[in-house]
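Student: structure, please.
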Amino acid sequence: MIELETRELEYFLAVADELHFGRAAVRLSIAQPALSKAIRRIETRLGVPLFVRSSRHVELTAAGEALQEHGRHALNAVGAAVRNARRAGDTQAHLRLVLKPGGDAGLLSPILAEYAHQPDARRVDIMFSGPADRTDFLLTGRADVGLLYAPFDDLHGLAHETLYIEDRVLIVPSGHRLAGRAAVRMSDLAGETLPRWKGVPGGDGTGPEVVDVVQLLHMIAVSRVIGVLPRSLVEPVPAGLVCVAVADAPPSRLVLAWNAQDHRPLVAAFVAAALETRRVPTPTGPRPNHHHPDPHAP
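Tutor: Numbers count the residues shown, from 1 in each chain. A predicted model of the protein is given here:
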């Protein structure tokens, strides 16, 4: 069986990311000749070239692209295993909760209060993420539990429980052509400018890039874009903006998620506390499509 050391994977991934041996060597704090030798050793062991090298540029071969994808997952898994092993033996470890700023639908305080009543409750460290990296926080062990939005966030590899279901609304300036409507349909948004969420692949927005809801609301206020969001993310509605129900948008689910391989009592106790506070009303629209998330709304 062919095996690579984690250090060798780190060397390879640095070169694959930089596509430049000199920059990769600086990033790794090693000499460039030593890095070049290590990459040649990996290629010899695998029996395939990983890079096409010339005097002017470096590019990945098909084999290199495959190793880049799977090697990164493998390295993340090793890192997560080490972190989880250390935390499993640490009886004083804090519990780390990741969420997006404002992305708790008003449930965070009740959850923390309920969890505090657990006999083995730990201190909870709150971590704030970017638009779409909460799943990565959980899969790599940087966080223990997270509040995610489905179908916007990727739940693959995660165990999860739904805490809250809500409708989604269109947010527009008060003078917008749709502001006076009681409700709209997604087809009514044709021709409008929607944002591009930073770090979210596959979105079809054509407007400026935004990193969070606060930035989005500012862009809407100056008529650069319109937005579609879970209702709780825009309550209370800022002055000058209007929310309009989107009749055919699948409902948004706020879920508590954790790594499906994490069976620690630390996590189970927090999940149990969260379930005591959940509010799951009957959705008024079609059920969420988990395979084709709406790119307009987190």
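Student: what's the closest non-adjacent residue to the residue positioned nearest the centre of the chain?
Tutor: Centroid-nearest residue in the chain: Asp133, 2.3 Å away (criterion: C-alpha atoms, centre = their mean). Nearest non-adjacent residue to Asp133, counting by C-beta to C-beta, 6 or more residues apart in numbering: Gly199, 6.4 Å away. For glycine as for every other residue, the C-beta is placed from the backbone atoms N, C-alpha and C.
Student: that neighbour: how many residues sit nearby?
Tutor: Burial of Gly199 is recorded as 14 neighbouring residues (other C-beta atoms under 10 Å).
Student: pretty sure Asp154 contacts Thr135?
Tutor: Yes. Checked against C-beta atoms under 8 Å, the pair Asp154 and Thr135 is within contact range at 4.7 Å.
Student: pLDDT at Glu69, what is it?
Tutor: We note a pLDDT of 86 for Glu69 in this prediction.
Student: phi, psi of the residue lying farthest from the centre of the chain?
Tutor: Distance from the centre of the chain peaks at Ser55, with 38.3 Å (C-alpha atoms, centre = their mean). Note on Ser55: backbone dihedrals following degrees, to the nearest 10 are phi -70, psi -20.
Student: measure it to Arg40 for me?
Tutor: Ser55 is 17 Å from Arg40, where distance means C-beta to C-beta, to the nearest Å.
Student: got it, and Pro101?
Tutor: 46 Å.
Student: which residues touch stretch 97-116?
Tutor: Stretch 97-116 is contacted from outside by 121, 124-131, 134, 137-138, 142-147, 149, 163-164, 166, 212-214, 230, 232-233, 254, 269-270, 273-274, 276-279, 298, using C-beta atoms under 8 Å, 6 or more residues apart in numbering.
Student: please repeat the previous calculation with a cut-off of 6 Å.
Tutor: Contacts of stretch 97-116 from elsewhere in the structure, counted by C-beta atoms under 6 Å, 6 or more residues apart in numbering, are 121, 124, 126-129, 134, 137, 143, 145-147, 163-164, 212-213, 232, 254, 270, 273-274, 276-277.
Student: now, those residues that are in helices?
Tutor: The members of the contacts of stretch 97-116 that map onto helices under DSSP state H are 134, 137, 213, 270, 273-274.
Student: now for these: which two are most distant?
Tutor: Spanning the widest gap among the ones in helices among the contacts of stretch 97-116 are Val213 and Ala273, at 26.1 Å by C-beta to C-beta.
Student: mind naming the longest helix for this structure?
Tutor: Looking across the chain with DSSP H, the single longest helix is helix 62-88.
Student: and that one, what does it pack onto?
Tutor: On a contact count with 3 or more C-beta pairs under 6 Å, 6 or more residues apart in numbering; DSSP states H and E, helix 62-88 meets helix 6-18.
Student: give me the contacts around the helix it packs on.
Tutor: Helix 6-18 has contacts (C-beta under 6 Å, 6+ apart) with 24, 27-28, 38, 42, 60, 68, 71, 75, 78.
Student: kindly report the same for stretch 48-57.
Tutor: Residues contacting stretch 48-57 (C-beta under 6 Å, 6+ apart): 43, 58-59, 61, 63-64.
Student: switch to 10 Å and redo it
Tutor: 12, 15-16, 19-21, 36, 39-40, 42-43, 58-68 (C-beta atoms under 10 Å, 6 or more residues apart in numbering).
Student: what residues are up against Gly157?
Tutor: 135, 138-139, 257, 259-261.
Student: got a winner among the residues you listed for most neighbours?
Tutor: Leu138 (28 neighbours).
Student: that one against Asp262, yeah?
Tutor: Yes. Counting by C-beta atoms under 10 Å, Asp262 is a contact partner of Leu138 at 8.3 Å.
Student: mind jotting down where the strands sit in the chain?
Tutor: Secondary structure of the chain (DSSP state E): strands located at 51-53, 58-60, 95-99, 124-128, 145-150, 158-166, 168-173, 183-184, 196-197, 209-210, 227-230, 241-246, 252-259.
Student: how about those strands in JSON lines, adding mean pLDDT?
Tutor: As requested, the strands of the chain are exported to JSON lines (pLDDT from 0 to 100):
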{"stretch": "strand 51-53", "mean pLDDT": "92"}
{"stretch": "strand 58-60", "mean pLDDT": "93"}
{"stretch": "strand 95-99", "mean pLDDT": "95"}
{"stretch": "strand 124-128", "mean pLDDT": "94"}
{"stretch": "strand 145-150", "mean pLDDT": "94"}
{"stretch": "strand 158-166", "mean pLDDT": "95"}
{"stretch": "strand 168-173", "mean pLDDT": "96"}
{"stretch": "strand 183-184", "mean pLDDT": "96"}
{"stretch": "strand 196-197", "mean pLDDT": "88"}
{"stretch": "strand 209-210", "mean pLDDT": "89"}
{"stretch": "strand 227-230", "mean pLDDT": "94"}
{"stretch": "strand 241-246", "mean pLDDT": "96"}
{"stretch": "strand 252-259", "mean pLDDT": "95"}
